[in-house]
Structure formats: structure tokens, C-alpha cells
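K.L.:
sequence first, then the predicted structure, then my questions.
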Amino acid sequence: MTVSDRDGPTIASAGDESGPVVSRACEVVDLSYRSFLADRAPPRVYWTAPHGLEIAGGGAAARLRATGDERFETLRADAERLFSSPNAALAGGDDLPAPARPRAFGGVAFHAGHDPVTPWEGFPAAEFVVPRIQLTRTDETTWLTVSASGTDVAVGDVKRELEDVRAALAAHPAMQPSGGSPGIAGTRLRTSREEWTRQVQRATDRIAAGELRKVVLAQSLEVDLASGIEIPDVLERLRRTYPECYRFLIEPTDAASFFGAPPERLVSLSGRRVETEALAGSVARGETPEEDHELMSSLFESEKIRHEQGVVVDTIREQLEPLGEIRVDERTVRKLATIQHLRTPIRADLADEEHVLSIVEALHPTPAVGGLPPERAWETIRGTETFDRGWYASPVGWFDADGDGEFAVAIRSGVASDARLTLFAGNGIVADSDPDEEWAEVQLKYRPILDALGE
């Protein structure tokens with residue numbers, strides 16, 4: 001397979017995807033990540049965390065794919081082979097600066113039995129890509145990393161490719177303004193308000209009967225665009241409007257692009273230190289400081305929201321307690337441009353070394369996107385929602401050779417193909433949920449992407 005970069009060098013074969021990965025890196029002058037992504041052919045990835053690394057990647061040095069209930073175990077085993085080498089220097093891990101080390105980017109579908117039907121063409125049940133070309137921006141500098149995989153890869157070849165790519169990138173402007181927004185020609189809700197009311201009522205009936213404690217039901221919004229969408233431009237607009245959020249792009253093929261600006265961290269792992277959070281309960285932002293404060297106060301005062309938050313916190317604690325010592329911090333409010341959420345930070349110190357994918361598997365799906373009990377919530381979701389969640393509300397993120405990494409919950413997201421975009425949003429349903437209030441809250445959650453499209 002060859003990956004050709006427009007206006008750049010031709011990238012050689014990705015090689016034997018069983019590993020090992022060979023990587024070389026160098027510092028480069030700052031450049032426009034938007035233009036870098038625009039010049040790459042799929043697969044493309046983009047990742048940035050609030051106050052964290054910004055990473056963009058193009059091409060594939062290697063891919064990891066898995067299906068079925070054992071997908072996490074399969075990914076962990078394949079990752080170990082991929083990043084292993086009898087010579088650490090060849091693997092490009094320990095001898096590279098930490099920010100420049102190669103990473104695998106991707107995620108998993110919400111349901112293990114995911115079938116990649118429209119609009120999810122090209123998205124398997126689980127996939128991670130080690131980019132052929134990776135740009136990593138820190139507070140101090142920008143790193144360029146070139147990677148290849150296979151038993152016959154020579155370090156000298158990777159070094160020469162690194163120099164070729166660096167020379168090609170030197171022509172990129174340091175900053176480049178984003179293009180115009182595509183505009184919205186029309187929208188269609190996949191779930192009518194009447195059907196939503198029936199769905200919520202059925203869920204609350206099951207809760208009253210003791211079959212469920214909570215279930216998160218989602219809606220889908222189809223958006224016809226006035227012109228073709230340029231995802232790098234949309235990501236740039238999301239950066240300006242939602243700097244407090246994660247921003248990501250997963251684009252395994254040219255069939256579709258999955259992107260978003262989720263506010264919720266699923267997990268980060270560094271060594272034996274785990275950080276996660278419970279983000280549940282939402283209200284709008286106020287038009288005045290006084291109204292905004294009043295709405296914020298309602299998050300703390302609402303018995304429904306406190307209950308919903310407590311369920312999520314208790315479940316995350318139970319999921320992590322077998323792995324180490326847990327600390328739950330004080331509740332706070334996360335304020336975004338159009339919405340604010342109740343948030344509880346949760347930390348853990350692991351008793352033993354773990355791969356971040358093991359933590360992801362333990363936590364997915366949190367009650368904030370699934371429900372309780374998990375199996376009955378999943379059954380209710382699949383029997384109620386009129387669309388395939390695909391990778392919506394799933395873990396997306398990255399891991400490295402040490403098994404460290406960071407994942408977000410892929411909400412406030414959409415999947416795009418040509419001039420069509422499908423958005424997703426959901427809400428937690430508990431015993432006293434009101435269908436009208438839940439409907440209004442879900443509509444708020446479409447705003448981040450809709451605003452970035454120019455509505």
C-alpha cells in the first residue's frame with residue numbers, strides 16, 4: 001500500500017503491521033495544523049486535550065483492528081507486538097523525546113457487535129492507526145515524527161524519509177486562516193418529538209418497575225450541507241469556540257470522517273496514575289451573569305441532577321476500586337459556550353501496571369452514556385433507538401508503547417461524508433425525567449457542531 005501526500009513526498013509501504021514500529025523525530029518550526037491536515041490523504045487523525053498536547057497525523061505506518069467481545073484483549077496483544085523490538089533504539093520509543101514518541105490513535109464502536117452501515121462506512125468495531133507522519137505541539141516546541149513498521153524496516157530509510165518530510169513541511173505557512181463554513185441547507189430529526197416522548201415514558205416505566213436505574217437515550221440529526229465540508233476548517237472553528245473541550249478527528253478511509261468536541265474525559269493514564277471524571281447533568285448558559293449563575297446553582301440544587309451524578313460517580317468508583325486506591329474530588333461546574341455541566345473529578349493510583357485500554361474496557365460505557373444496570377441499559381438502548389450509534393458515545397483517543405494514553409467520550413460529535421453530516425446527542429433518563437425537559441436539553445447538545453457549520 002502507498003500513501004501519497006498532496007504537495008509532499010510519496011510515503012512508502014506501511015509494511016508488516018505486526019510490528020515493530022520504527023520511528024525517528026526532529027524539531028520543526030510551528031506550522032498550521034489545519035493546512036497540514038488539509039494536505040493529507042486518509043487515514044487522518046487529530047487530537048487535542050484541554051491544556052494538553054495537540055497532535056495531527058496522516059498516513060498509516062500500521063493499523064490495529066479487532067471485532068467482537070474480545071476486541072480490547074486483541075488490541076492489547078497486537079499493540080504489544082507492534083511496539084516491541086529487541087532493540088529499543090529501533091523501536092523509536094525510549095530514545096525519542098516523550099512528546100515525539102509514536103502513538104496509536106483511534107477508538108471502538110459503542111456496541112461490540114457494530115456493523116459498519118451508513119453513515120459508518122469504513123469504521124470497524126475497533127481500529128487504531130499509528131500515523132506515518134505525526135506532528136506534536138507542546139508549549140515549548142513542535143515535533144515531527146515519521147514511523148514505519150515491519151521486520152525489514154531500516155532506521156536509515158526512516159531517517160531519510162524524515163528529512164524529506166521536514167523539507168516538504170517547510171513550505172507550509174506558520175498560520176493560515178480557515179476557509180468559509182459550509183452552511184446548512186436543511187436538517188431532519190431521526191426521532192420525532194412524539195416518538196421521543198414515548199421512548200422516555202417507556203424508559204421511566206421500566207425504571208418504576210425496578211428493571212432499570214438509569215438509561216441514556218440518544219437522538220440523531222441529519223444535516224444537509226450547502227457545500228462540501230472541510231473537516232480541518234470545522235476543527236479550527238471548534239478550537240476558537242470550545243477551547244475547554246477535547247477536539248478529535250478519526251478518518252480511517254475517504255468514506256467518512258468522525259469528529260467532535262467532547263467535554264468529557266473518559267480516562268488518562270500516566271504510569272500508575274489514572275484520572276477520570278463524572279460529567280452528568282446539564283443546563284443552558286444564561287444571557288446575563290445573573291441568569292448564568294442562577295442556572296449554575298440549579299445544577300447543585302436539582303435532586304434529579306444530583307442523583308444522576310451520584311449514580312455515575314458510584315459506578316466509576318466501583319469499576320476502578322479493584323485496580324487501586326480511589327479519590328473522589330469535590331463537585332464543580334464545567335462551563336462551555338452554550339451549556340454547563342456538573343462535574344466530579346476522580347483519581348486512582350493503580351496497585352499494578354495496566355494498559356490504558358484495560359481501564360477503557362473497565363469504564364466503557366459509563367452510566368453517563370449507557371445506564372444501569374449496564375446489560376439492561378444496553379438492551380433498552382438497542383431496542384429503543386432508531387439508528388446505529390456506531391462510534392458515537394464511544395472511547396476515542398490514543399495510547400503509546402508504554403500503555404499510557406488518554407481517551408475522551410465521543411459525544412458532541414458527528415460523522416460526515418461529502419455534503420451530508422449526521423449528528424448525535426443524548427440524555428440520561430431517570431425515574432422523574434420529563435420528556436419535554438429532556439428534549440430541550442438534547443437540542444442544546446447539537447449546538448457545538450451546528451454553530452461550527454455556520455447555522
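P.N.:
Perfect, I can see it now. Numbers count the residues shown, from 1 in each chain.

K.L.:
tell me the spacing between residue 279 and residue 372.
P.N.:
Distance, residue 279 to residue 372, by Cβ to Cβ, to the nearest Å: 16 Å. All C-beta spots, glycine's among them, are computed from the backbone N, C-alpha and C.

K.L.:
excluding chain neighbours, what is closest to residue 132?
P.N.:
residue 59 (3.0 Å; Cβ to Cβ, 6 or more residues apart in numbering).

K.L.:
in stretch 137-151, what's buried?
P.N.:
Neighbour counts over stretch 137-151 (16 or more other Cβ atoms under 10 Å) mark 137, 142, 143, 144, 145, 146, 147, 148, 149, 150 as buried.

K.L.:
relative to residue 130, which of these is nearest.
P.N.:
Nearest to residue 130 among the buried residues of stretch 137-151, counting by Cβ to Cβ, is residue 147 at 5.7 Å.

K.L.:
quick check, that closest one in contact with residue 157.
P.N.:
No: assessed by Cβ atoms under 8 Å, residue 147 is found out of contact with residue 157, at 11.7 Å.

K.L.:
and stretch 202-213, what's buried?
P.N.:
202, 203, 204, 206, 207, 212, 213.

K.L.:
of the residues you listed, which pair is most distant in space?
P.N.:
For the buried residues of stretch 202-213, the farthest-apart pair by Cβ to Cβ is 202 and 213; their separation is 15.3 Å.

K.L.:
now the element after the host helix or strand of residue 381, going C-ward?
P.N.:
Assessed by DSSP states H and E, residue 381 sits inside helix 374-384. Counting by DSSP H and E, the next helix or strand C-terminal to helix 374-384 is strand 395-399.

K.L.:
strands paired with that next one, and their directions?
P.N.:
Strand 395-399 pairs in its sheet with strand 104-108 (antiparallel), strand 405-409 (antiparallel), by DSSP bridges.

K.L.:
need the contact partners of the first one.
P.N.:
Applying Cβ atoms under 8 Å, 6 or more residues apart in numbering, the contact partners of strand 104-108 are 45, 47, 55, 57, 62, 64, 71-72, 79, 82, 125-131, 250, 252, 360, 364, 391, 394-400, 407, 410.

K.L.:
shaky segments in the protein?
P.N.:
1-19, 85-94, 172-179, 455 (pLDDT under 70).

K.L.:
in it, where's the longest helix?
P.N.:
Determined from DSSP state H, the single longest helix within the chain is helix 303-320.

K.L.:
by contact count, what packs against that one?
P.N.:
Where contact means 3 or more Cβ pairs under 8 Å, 6 or more residues apart in numbering; DSSP states H and E, helix 303-320 is packed against strand 273-284, helix 289-301, strand 324-328, strand 339-350, helix 356-363.

K.L.:
angle of it against helix 289-301?
P.N.:
60 degrees (axes from the mean of the first three to the mean of the last three Cα atoms, to 10 degrees).

K.L.:
sort out which of the buried residues of stretch 137-151 are in strands and list them.
P.N.:
Using DSSP state E, 137, 142, 143, 144, 145, 146, 147, 148, 149 are the members of these that sit in strands.
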